[in-house]
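Participant: Compute the structure for the input listed below.
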Amino acid sequence: AARLPAVNVFCRIAPAQKLRLVQAFRAAGEIVAMTGDGVNDAPALKAADIGVAMGARGTDVAREAAALVLLGNDFGALLAAVAQGRRLFANLRKALVFIVAVHVPIVGLSVLPLLWRGPLFLLPVHILFLQLIIDPACSVVFEAEPLESGAMHAPPRGRAARLFDRALLLRGLA
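Facilitator: Here you go, the predicted model:
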């Protein structure tokens, strides 16, 4: 554990050492991805935050223990999967901010007149029309958003990171 920060590459290590490395990195608060293809890799694949089994020549045991199975043995596919995951997470957060920003005023315009015993600003048909326009437009626009520049250079999200959190809600309300 003391030597982990000084070492960049570990190679030709025994299966028990792989598991100890994964546990040491996780104990240090790191997000750990482990790749492997054999029966001996299964404990480390299972212990990692994300175990990646090499599917083309990997064993069934490694595939069962892993969270992700690459169909080939190409690490480019792994990189593309990480990029796609980061894009989807970022776009979902953007969509949630938009939904909060749009739907809270609609609810407010619908409920406040009832509480103040005033005239209605929005009738049910207006709300339905807004939902028919806003929600599909939101999903189409945010699905098409490309990966933000620099997203692949950012460190992984922490274990405590959530899709919907207080900061997202406050940004949507603002």
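Participant: contacts and neighbour counts: CA atoms only from here.
Facilitator: OK.
Participant: Just give the number of residues close to H153.
Facilitator: Applying other C-alpha atoms under 10 Å, we find 7 other residues in the vicinity of H153.
Participant: Could you check how far it is from A167?
Facilitator: 22 Å (C-alpha to C-alpha, to the nearest Å).
Participant: Tell me the buried residues in stretch 30-47?
Facilitator: Residues of stretch 30-47 classed as buried by neighbour count (16 or more other C-alpha atoms under 10 Å): 31-32, 34-38, 40-47.
Participant: How many neighbouring residues does A62 have?
Facilitator: The burial count assigned to A62 is 27, neighbours taken as other C-alpha under 10 Å.
Participant: residues in contact with it?
Facilitator: Contacts for A62 were tallied using C-alpha atoms under 8 Å, 6 or more residues apart in numbering; they are 36-39, 41-42, 45, 53.
Participant: Show me what stretch 9-16 is in contact with.
Facilitator: Contact partners of stretch 9-16, identified using C-alpha under 8 Å, 6+ apart, comprise 40-41, 44.
Participant: what do you get if the cut-off is 10 Å, keeping everything else the same?
Facilitator: For stretch 9-16, the surrounding residues in contact (C-alpha atoms under 10 Å, 6 or more residues apart in numbering) are 4, 17-18, 20-21, 38-44.
Participant: what's the helix of greatest length in the chain packed up against?
Facilitator: In the chain, taking DSSP state H as the definition, the longest helix is helix 75-115. Helix 75-115 sits against strand 68-70, helix 124-143, helix 166-173, with contacts defined as 3 or more C-alpha pairs under 10 Å, 6 or more residues apart in numbering; DSSP states H and E.
Participant: and that helix, average pLDDT?
Facilitator: For helix 75-115, mean pLDDT is 88.
Participant: by how many degrees do that helix and helix 166-173 diverge?
Facilitator: Helix 75-115 and helix 166-173 are oriented at 50 degrees to each other (axes from the mean of the first three to the mean of the last three C-alpha atoms, to 10 degrees).
Participant: heads up, I number from 195, so please use that
Facilitator: Taking 195 as the first residue, the last one we looked at is helix 269-309.
Participant: Pull the distance from helix 269-309 to the chain's centre.
Facilitator: Helix 269-309 has its C-alpha centroid displaced from the chain centroid by 13 Å (C-alpha atoms, centre = their mean, to the nearest Å).
Participant: okay, the angle between that helix and helix 318-337?
Facilitator: If you take the same axes, to 10 degrees, helix 269-309 sits at 160 degrees to helix 318-337.
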